[in-house]
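S.K.: I'll drop the sequence and a predicted model, then ask my questions.
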Amino acid sequence: MKLEVEFFATLRLKLPKPTYEVDMPEGSTVKDLMRELDRITGQPVSEELFRGDEVIPGTVLLLNGKNILHLNGIHTPLEPGKVAVFPPVAGG
């Protein structure tokens, strides 16, 4: 299945491109997608977003406009469409 993944904030600045087209096998999850993006980008994308099987507080991942925290977290099954990735942001 085809997905368009767009990164925002600090990840957008760290990665070679802000948007990636990714083809994932049926049955893949958000966790599988982030590991594939680690491979494609050559950057530890998943480490910026997850600790083990938990989403780092402040991280927002939208799958076709739906926050994965309101679905099944990193185990949310993928569906074709768009993924927006907002890493946690610190300020003061």
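M.R.: Arrived safely, thanks for sending. Predicted model, so just to flag it, every value in this text is computed and none were measured.

S.K.: Next up, identify which helix or strand V5 is on.
M.R.: strand 2-7 (DSSP states H and E).

S.K.: same check, this time on L33
M.R.: Per DSSP H and E: helix 30-41 holds L33.

S.K.: Tabulate the CA atom coordinates of the very next helix or strand once past that helix in PDB.
M.R.: Next in sequence after helix 30-41, counting helices and strands by DSSP H and E, comes helix 45-49. What follows is helix 45-49, C-alpha atoms only, in PDB (Å, rounded to 0.1, in the frame of the first residue of the first chain):
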ATOM      1  CA  VAL A  45      13.300   8.400  13.100                       C
ATOM      2  CA  SER A  46      11.700   5.800  15.400                       C
ATOM      3  CA  GLU A  47      13.900   6.700  18.300                       C
ATOM      4  CA  GLU A  48      12.700  10.300  18.100                       C
ATOM      5  CA  LEU A  49       9.100   9.100  18.500                       C
END
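
S.K.: So which other helices or strands are in contact with helix 45-49?
M.R.: Packing partners of helix 45-49 (3 or more C-beta pairs under 8 Å, 6 or more residues apart in numbering; DSSP states H and E): helix 9-14, helix 30-41. All C-beta atoms are positioned from the backbone trio N, CA, C, and that covers glycine.
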